[in-house]
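1. Quick one: sequence plus predicted model below, questions after.
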Amino acid sequence: HLATSLPLPPERDHLRPRIDLVAFMIDIKSKYSLKNVEASLAYVDDSFFLGKVCFLVTGVGRVNYCSVEMNAIRNLGEVYCSPVLFCELEVEGSQVATAQRLLRMLEICAGHVPGVSALSFSSLMRNCADD
């Protein structure tokens, strides 16, 4: 399910399925995109930041048109203890790779990968970023 901002409208709460992963998309060509994500973060339950949130940064192939500071995005990942994935969705090969990464993250967050929890996966992602 997609939403342009949070909170979600309450009138369909009873029909909404369980939420296993929240992926915030940030377009580095739009400062509004980052502001919208920052405003929406206040509506996410704290327990989701333990392995069930990621930031997907699009437009990284066009750094000449960048309106958002990369340090601000990295800081967002650190503050919320959530992985940051950088991608270029306008390139076909990158679309597939990004979709595969998100699908794998979703499988882990939903508990469909034996022996790997969302929390341990998130920790592993942060450790890899530190190396």
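-> Everything's here; your move.
2. For the rest of this, base every contact and every neighbour count on C-alpha atoms.
-> OK.
3. can you map out the helices along the protein?
-> Taking DSSP state H as the criterion, the chain contains helices spanning 31-40, 70-79, 92-109, 118-130.
4. Hmm, Gly111 is touching Ser117, no?
-> Yes: between Gly111 and Ser117 there is a contact under Cα atoms under 8 Å: 6.6 Å.
5. for the helices of the chain, which one sits closest to Leu56?
-> helix 92-109 (9.0 Å; Cα to Cα).
6. re earlier: more neighbours: which of Gly111 and Ser117?
-> Between Gly111 and Ser117, Ser117 has the larger neighbour count (other Cα atoms under 10 Å), namely 17 against 14.
7. ok, and the closest non-adjacent residue to the more buried one?
-> Ile108 (6.2 Å; Cα to Cα, 6 or more residues apart in numbering).
8. ok, that neighbour - how many residues close by?
-> Neighbours of Ile108 (other Cα under 10 Å): 24.
9. could you measure it against Ala3, distance?
-> 22 Å (Cα to Cα, to the nearest Å).
10. on that earlier part again, find me the pLDDT at the residue nearest to Ser117, would you?
-> Looking at Ile108, its pLDDT reads 88.
11. can you tell me how far it sits from Asp20?
-> Counting by Cα to Cα - Ile108 and Asp20 are separated by 9 Å.
12. again with Glu90
-> The spacing between Glu90 and Asp20, counted by Cα to Cα, is 26 Å.
13. Those two: who's more crowded?
-> Using other Cα under 10 Å as the criterion, Glu90 and Asp20 rank with Asp20 on top: 17 against 11.
14. Now that one: phi and psi?
-> Main-chain torsions, Asp20, degrees, to the nearest 10: phi -100, psi -30.
15. contacting residues for it?
-> 52, 106, 109-110 (Cα atoms under 8 Å, 6 or more residues apart in numbering).
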